[in-house]
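*Asks:* The sequence and its predicted three-dimensional model are supplied below.
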Amino acid sequence: QVQLVESGGGLVQAGGSLRLSCAASGRTFSSYAMVWFRQDPGKEREFVAGITWSGSSTYYADSVKGRFTISRDNAKNTVYLQLNSLKPEDTAVYYCAAGGSAWPGIETDFRFWGQGTQVTVSS
């Protein structure tokens, strides 16, 4: 079992940056690929970024490529998502998840989910 807790969301102006964190409990964190999804009200949850268990490979949705960076620190049981050059369309609740594959990041593959953290980007 893995329990996930996201933090770091907030309100930011367009062009700004945020760093999201996802802290995991459980000794098996380092064996899991980790991903970030996001969901805006009225829309489906969408894959944002994924990272393999070792951190050697990362994957991104086209909409965030070049602006967002996923990373992990297995010693701290934490995965991060650096959000740069934010746009109003990035506004969503961001979730981290574990238990599936880092790519292509199919939502139903993931067994463990955090509660989400709200990111709001004003224009």
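*Replies:* Sure, I can see it. From a predicted model like this one, the values you see are computed outputs, not experimental measurements.

*Asks:* going forward, measure contacts between C-alpha atoms and count neighbours the same way
*Replies:* Noted.

*Asks:* Who does the residue most central in space within the chain form a beta bridge with?
*Replies:* Taking CA atoms, centre = their mean, the centroid of the chain lies closest to residue 36, which sits 2.4 Å from it. Note on residue 36: beta-bridge partners by DSSP bridges are residue 49, residue 96.

*Asks:* cool, residue 59 as well?
*Replies:* The partner residues for residue 59, given DSSP bridges, come to residue 50.

*Asks:* Look up how far residue 66 lies from it.
*Replies:* If you measure residue 59 against residue 66 using CA to CA, to the nearest Å, the figure is 11 Å.

*Asks:* try residue 14
*Replies:* From residue 14 to residue 66 the distance is 16 Å (CA to CA).

*Asks:* and what of residue 73?
*Replies:* Taking CA to CA as the measure, residue 73 falls 21 Å from residue 66.

*Asks:* Tell me which of residue 59 and residue 66 has more neighbours.
*Replies:* Between residue 59 and residue 66, counting by other CA atoms under 10 Å, residue 59 is the more crowded of the two (19 against 12).
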